[in-house]
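Peer 1: what follows is a predicted protein model with its sequence.
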Amino acid sequence: MRVLGRMARLFVLLATASTLLWAGTRWIQKVPARDHERANPMAGNPDAVMAGQLLFADHCAQCHGEHAEGKGKRPSLHSDRVQNEATPGDLHWLLVNGSLGRGMPSWSKLPDQQLWQLISYVKSLKQ
């Protein structure tokens, strides 16, 4: 009986871990191809990075931390997923659509230029 109990607990643990891992990548899988391929029109513009940093402080730092290091259950924006896996178009889609189930609001009311400035700043964290 003890072995069965341990096996059941192990199964539940593995199922929970795999669900959490899958849920963490789900938003990227929802991004339509046309959005995934979008390029940041402000890429490489240092003024866009600076403006994005100010926007980040106003809109994002409360949840993601002052230096985008993550806070509580909110992810670090220095992560491999954000810096290497997600394209600028993926991030734009996420900012517009949000992920309410994960606590990410939609920022669709911000002008497109400001969204791209935010993305410029977030992508600059890779360096």
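Peer 2: Everything's here; your move.
Peer 1: Gly70 contacts Val82, correct?
Peer 2: No - under the criterion of CB atoms under 8 Å, Gly70 makes no contact with Val82, lying 10.2 Å away. (C-beta placed from N, C-alpha, C; glycine too.)
Peer 1: so for the two, which residue has more residues nearby?
Peer 2: Just comparing Gly70 and Val82: by other CB atoms under 10 Å the higher neighbour count belongs to Val82, 21 against 15.
Peer 1: identify the residues contacting stretch 35-49?
Peer 2: Residues from elsewhere that reach stretch 35-49, judged by CB atoms under 8 Å, 6 or more residues apart in numbering: 87-90, 92-93, 113, 116-117, 119-121, 123-124.
Peer 1: which of the residues you listed are buried?
Peer 2: 87-90, 92-93, 116-117, 119-121, 123-124 (16 or more other CB atoms under 10 Å).
Peer 1: any idea how far Lys73 is from Arg102?
Peer 2: Distance of Lys73 to Arg102, given as CB to CB, to the nearest Å: 8 Å.
Peer 1: ok, those two, which is more surrounded?
Peer 2: Between Lys73 and Arg102, counted using other CB under 10 Å, the more crowded position is Arg102 (14 against 8).
Peer 1: circling back: how about the contacts of stretch 35-49, which pair is most distant?
Peer 2: Trp93 and Ser124 (19.4 Å; CB to CB).
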